[in-house]
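Student: how would this look folded up:
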Amino acid sequence: MISEYINAAMKNAHYEIIEDEEPYYGEIPELKGVWATGKTLEECRDNLTENLEGWILVRNSQGMDIPAINGYKVTTPKQMKVA
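Tutor: The predicted structure is shown next:
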């Protein structure tokens with residue numbers, strides 16, 4: 001489920017060349033805050049994937065929604081409270 005979500009999100013990634021030491025910039029527009037840079041396009045893509053994974057983990061741990069991407073969702077069972 002998570003790998004399909006990541007693959008779908010990465011298909012929506014947009015890349016551009018910027019004036020910087022790491023001139024490749026990538027982002028996933030539907031997911032606010034998911035972006036990365038790299039010295040090569042491949043490095044940028046790898047960094048973007050890593051940032052997306054971390055973004056999913058943080059949002060999940062904070063109980064925040066993770067928006068659907070092209071019909072793919074990341075859902076986790078609600079944790080049971082122990083009395």
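Student: what sits against the residue nearest the centre of the chain?
Tutor: In the chain, the centroid-proximal residue (Cα atoms, centre = their mean) is Leu52; its distance is 2.3 Å. By Cβ atoms under 8 Å, 6 or more residues apart in numbering, Leu52 lies in contact with 6, 9-10, 28, 31, 34. The way it works is simple: take the backbone N, C-alpha and C, and place the C-beta from them, glycine included.
Student: Dump these to CSV, plus distance to Thr76.
Tutor: As requested, those are exported to CSV (distance: Cβ to Cβ, whole Å):
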residue, distance to Thr76
Ile6, 15
Ala9, 17
Met10, 21
Ile28, 20
Leu31, 17
Val34, 19
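Student: For beta bridges, what are the partners of the nearest residue to Leu41 once chain neighbours are set aside?
Tutor: Spatial nearest neighbour of Leu41, excluding adjacent residues (Cβ to Cβ, 6 or more residues apart in numbering): Tyr24 at 5.1 Å. Beta bridges link Tyr24 to Ile17, Gly38 when assigned by DSSP bridges.
Student: List just the nearest of the contacts of Leu52 to Leu41.
Tutor: If you rank the contacts of Leu52 by distance to Leu41 using Cβ to Cβ, Met10 comes first, at 12.7 Å.
Student: ok, so what distance separates the closest one from Val34?
Tutor: Relative to Val34, Met10 is positioned 10 Å away (Cβ to Cβ, to the nearest Å).
Student: Low-confidence regions, this protein specifically.
Tutor: The chain contains residues with pLDDT under 70 at 77-83.
Student: Show the contacting residues for Tyr5.
Tutor: For Tyr5, the contact set (Cβ under 8 Å, 6+ apart) comprises 56, 66, 69, 72-74.
Student: brain fart, Glu22
Tutor: Neighbours of Glu22 in contact, by Cβ under 8 Å, 6+ apart: 37-39, 43-44.
Student: most surrounded residue in those residues?
Tutor: The residue in these with the most neighbours, by other Cβ atoms under 10 Å, is Cys44 (23 neighbours).
Student: so is Ser3 in a helix, a strand, or just coil?
Tutor: helix (DSSP: H, G, I helix; E, B strand; the rest coil).
Student: List the contacts of it.
Tutor: Contacts for Ser3 (Cβ under 8 Å, 6+ apart) come out as none.
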